[in-house]
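>>> Dropping the sequence and predicted coords here.
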Amino acid sequence: MWNWRSDASEMVELQILARNVCSPRVLEAMRSVPRHLFVPEAYAADAYIDRPLPIGSCQTISQPYMVAKMTELLQAEEGMSVLEIGTGSGYQTAILAYLKLRVYSIERIGYLAKDAAERLKALNFDAKVLHGDGREGYPDFAPYDRIIVTAAAERIEPTWEEQLASGGRMILPLNVATGGQRLLARNKIPSEGTWRFEDKWYDYCRFVPIVEGAS
Ligand code: SAH
């Protein structure tokens with residue numbers, strides 16, 4: 001029988017550690033979450049290769065390295081609340097749940113949200129999957145200690161900035177003027193009764209775009 005755990009360990013060694021994502025808990029999560037159960041059956045054998053894969057409706061499950069990198073950049077600690085925009089397969093959601101974060105994840109495509117919620121539940125990952133337009137964030141459970149956007153944004157939505165806790169941090173792929181997208185980490189720093197933002201740029205990347213409205 002196929003031992004997916006050895007594929008997952010090899011993925012961590014060759015794709016993730018090799019590119020300098022070293023946080024032990026993130027590596028443990030990447031070794032422990034069965035990625036092959038988050039892709040369509042036809043792609044299960046390819047689940048641990050160094051690529052994003054199609055999950056239907058022209059959407060993709062992100063490349064393993066990108067999931068690990070964004071999770072490390074999130075710098076989240078156990079028990080923190082996280083808002084994820086773009087549930088997709090629910091794989092990133094499962095990684096966050098594995099790290100014992102309180103996860104709220106929004107997906108605009110109804111059947112993807114439903115499938116992801118069922119899959120997470122069946123695998124015992126504790127996360128709330130919401131169906132809606134993530135550009136509006138999700139005010140009901142705000143503020144969030146962390147926000148992670150897993151679809152490419154043209155701009156940073158004011159709702160995300162508002163719903164981020166003071167002292168919080170968001171990670172997102174943002175379209176940049178030179179073309180393509182780049183990972184941005186934005187910290188919300190308390191300052192004289194209000195707040196200011198501090199930005200730091202990371203890898204260039206390629207995500208499917210954020211699309212307006214829920215369907
Ligand atoms: N984190 C996912 C990656 C999914 S790809 C995974 O690990 O599988 C990005 C997802 O963002 C797609 O499923 C897409 O439908 C969703 N998306 C795009 N625009 C959105 C919006 N406005 N609100 C919520 N989700 C959105």
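Cool, got the structure. Source: prediction; values computed, not measured. Residues are numbered from 1 along each chain as shown.

>>> Enumerate the residues of this structure near the ligand.
On the criterion Cβ under 6 Å from any ligand atom, the ligand has as its neighbours in the chain the residues 59-62, 85-86, 88-89, 91-92, 106-109, 112, 133-135, 150-151, 208, 210-211. Using the backbone N, CA and C atoms, a C-beta is placed for each residue, glycine as well.

>>> Among the residues you listed, name the ones in strands.
59-61, 85, 106-107 (DSSP state E).

>>> following the lengthiest helix in the chain, which helix or strand comes up?
With residue count as the measure and DSSP state H as the assignment, the chain has helix 110-122 as its longest helix. Beyond helix 110-122 on the C-terminal side, the first helix or strand identified by DSSP states H and E is strand 127-131.

>>> List the contacts of that next one.
The set of residues that contact strand 127-131 without belonging to it, under Cβ atoms under 8 Å, 6 or more residues apart in numbering, is 87, 90, 93-94, 96-97, 103-108, 110, 113-114, 116-117, 120, 138, 141, 214.

>>> Try it again at 7 Å.
Where contact means Cβ atoms under 7 Å, 6 or more residues apart in numbering, the residues beyond strand 127-131 that reach it are 87, 90, 93, 97, 103-107, 110, 113, 116-117, 120, 138, 214.

>>> Stretch 108-122: which residues count as buried?
Going by neighbour count (16 or more other Cβ atoms under 10 Å), the buried part of stretch 108-122 is 108-109, 112-113, 115-117, 119-120.

>>> repeat for stretch 124-142
For stretch 124-142, burial by neighbour count (16+ other Cβ under 10 Å) applies to 125, 127-135, 137-138, 142.

>>> farthest pair in these?
Of all pairs drawn from these, the greatest distance, 25.0 Å, lies between F125 and R135 (Cβ to Cβ).

>>> and the longest helix of the chain, what other elements does it pack with?
For helix 110-122, the elements it packs on are helix 91-98, strand 127-131, judged by 3 or more Cβ pairs under 7 Å, 6 or more residues apart in numbering; DSSP states H and E.

>>> Please produce TSV containing these, extended by mean pLDDT.
Compiled in TSV, those are given as follows (pLDDT from 0 to 100):
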stretch	mean pLDDT
helix 91-98	98
strand 127-131	98
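
>>> can I get these in JSON lines with distance to M66?
Rendered in JSON lines, the data for those read as follows (distance: least, Cβ to Cβ, whole Å):
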{"stretch": "helix 91-98", "distance to M66": "9"}
{"stretch": "strand 127-131", "distance to M66": "19"}
